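A.B. asks: sequence first, predicted coordinates after that:
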Amino acid sequence: MARYRGPKSKIARKFKEAIYGSDKYLEKKNYPPGQHGPNKRRSKVSEYGVQLIEKQKAKYTYGLLERQFANLFERASRKKGKTGEILLQLLEARLDNVAFRLGLSPSRDGARQLVLHKHILVNDEVVNIPSYSVKPGDIISVREKSKSLIVIKDSLAGRANKFNWLEWDTTAMAGKFMQYPDRESIPENIKEQLIVELYSK
């Protein structure tokens, strides 16, 4: 299945944000990549450029390709409400992202792999599609055979973030998707209105 496999530090430096988690290279070189380094004279970014950067940031953060992201935006635009907020809610409801938020993996890429390798259940059924859209009330759990996996145990041991739209049962190794999160609860630094303006052109 296609996904971005290039250097992640370059992407983080491009946006000047640790979108893939802690990054020592970003801390050392907090400027965009390129042969001229921090001394390169950069022209002012246009309005379109600012909007495009925001869309690219969201795309890389959640691990989507261009077509997937465009399709998700189209879904969001058909629903009633603020399109930008609905877009982020749909991104947060992806199964790989929910597994990541529950703490089953320290990264979205790792959570995606767990889903693809059939370690994750939704309502007691194996779902191996990372883009599967979780709905309020759905139970996301670890397959019985996979509960002993060191990668999952280590990730859960270091689980720090708790989100008000998710409920976690440590004993059962299962979580419940309570509701779609409101914008204030989503920690990602994404200006969704710029994405809406970009697609509205």
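C.D. replies: Sure thing, it's come through.
A.B. asks: other residues contacting stretch 93-106?
C.D. replies: With contact meaning Cβ atoms under 8 Å, 6 or more residues apart in numbering, stretch 93-106 is reached by 21, 62-63, 91-92, 107-108, 110-115, 120, 122, 127, 129-135, 140, 142, 151-152, 155-156, 158-161, 163, 166, 168, 175, 177, 180. Bear in mind the C-beta positions are built from the backbone N, C-alpha and C, glycine included.
A.B. asks: what pLDDT, on average, does that stretch get?
C.D. replies: Averaging pLDDT along stretch 93-106 yields 96.
A.B. asks: how many neighbours does residue 162 have?
C.D. replies: Taking other Cβ atoms under 10 Å as the neighbour definition, residue 162 ends up with a count of 11.
A.B. asks: wait, what's in contact with it?
C.D. replies: residue 168.
A.B. asks: residue 200 versus that one, what's the distance?
C.D. replies: Distance of residue 162 to residue 200, given as Cβ to Cβ, to the nearest Å: 35 Å.
A.B. asks: beyond the lowest-mean-pLDDT helix or strand in the chain, next helix or strand please.
C.D. replies: Scoring the helices and strands of the chain by mean pLDDT, DSSP states H and E places helix 24-28 at the bottom, with a mean of 52. Beyond helix 24-28 in the direction of the C-terminus, DSSP states H and E gives the next helix or strand as helix 47-62.
A.B. asks: can you dump the C-alpha coordinates of that following helix into CSV?
C.D. replies: Extracted as CSV, the C-alpha positions of helix 47-62 are listed here (Å, rounded to 0.1, in the frame of the first residue of the first chain):
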residue,chain,number,x,y,z
GLU,A,47,-1.2,33.4,0.2
TYR,A,48,-1.6,30.2,-1.9
GLY,A,49,1.8,29.0,-0.7
VAL,A,50,0.8,29.4,3.0
GLN,A,51,-2.4,27.5,2.4
LEU,A,52,-0.6,24.7,0.5
ILE,A,53,2.0,24.4,3.3
GLU,A,54,-0.8,23.9,5.8
LYS,A,55,-2.5,21.2,3.7
GLN,A,56,0.9,19.4,3.3
LYS,A,57,1.5,19.6,7.0
ALA,A,58,-1.8,17.9,7.8
LYS,A,59,-1.3,15.3,5.1
TYR,A,60,2.1,14.3,6.4
THR,A,61,1.0,14.5,10.0
TYR,A,62,-1.7,11.9,9.5
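A.B. asks: buried residues in that helix?
C.D. replies: In terms of neighbour count (16 or more other Cβ atoms under 10 Å), helix 47-62 has its buried residues at 51, 53-62.
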